[in-house]
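Novice: mind looking at a prediction? Sequence and model below.
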Amino acid sequence: MASTLGIAKLYWRGKKYDVQKGVRWRLPGMQNNDQNATDRTLRSQAWQQGMCQATVMITNEDDESTFDPALGEGELQIQTDLGTTYVFPDAYVRSFPDVQDNGQAPVTWSLSTYQKISA
């Protein structure tokens, strides 16, 4: 029987963070763009950066300064319960998260390169 993805664990700069269910990511790579011509549509390609969006739970061991965009690039890892790990060595946070009083902090990373490791 086939299995679907159920759990994603997130590591930022070597530290594991608790995240809410619903982590989203897109691998970096080529993207097709439509080019409309007289009576047909042509295709061109362009590079599309990857992204990861996760709602991190801020605990008494953390604070939002960990996600300061000024810190620059760092390693982001996503480990799935299907045995696949994605490693993004040059990830960076796009902007400070809007932290809520329930501990939730939505964070968005941009990604340029990756390595996929399968168990």
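Specialist: Nice, thanks for sending it over.

Novice: near the closest residue to residue 27 other than its chain neighbours, how many other residues are there?
Specialist: Sequence neighbours aside, residue 50 is the residue nearest to residue 27 in space, at 5.1 Å (criterion: C-beta to C-beta, 6 or more residues apart in numbering). For the C-beta atoms, the positions are set from N, CA and C on the backbone; glycine is no exception. Using other C-beta atoms under 10 Å, residue 50 is surrounded by 19 other residues.

Novice: show the contacting residues for residue 50.
Specialist: For residue 50, the contacting residues are 25-29, 88, 110-112, 114, by C-beta atoms under 8 Å, 6 or more residues apart in numbering.

Novice: what about 7 Å?
Specialist: Contact partners of residue 50, counting by C-beta atoms under 7 Å, 6 or more residues apart in numbering, are 25-28, 88, 111-112, 114.

Novice: paired strands for the one helix or strand residue 16 maps to, with orientation please.
Specialist: Assigned by DSSP states H and E, residue 16 belongs to strand 15-17. Sheet pairing of strand 15-17 (DSSP bridges) gives strand 8-12 (antiparallel).

Novice: re the thing from before, quickly list what the residue nearest to residue 27 is bridged to.
Specialist: Bridge pairing for residue 50 - DSSP bridges - gives residue 111.

Novice: center of this protein, which residue is that?
Specialist: Closest to where the C-alpha atoms of the chain average out (C-alpha atoms, centre = their mean) is residue 52, at 1.7 Å.

Novice: separation between that residue and residue 13?
Specialist: Noted for residue 52: a distance of 14 Å to residue 13, by C-beta to C-beta, to the nearest Å.

Novice: cool, and residue 46?
Specialist: 30 Å.

Novice: who's more crowded, these two?
Specialist: Just comparing residue 46 and residue 13: by other C-beta under 10 Å the higher neighbour count belongs to residue 13, 14 against 8.
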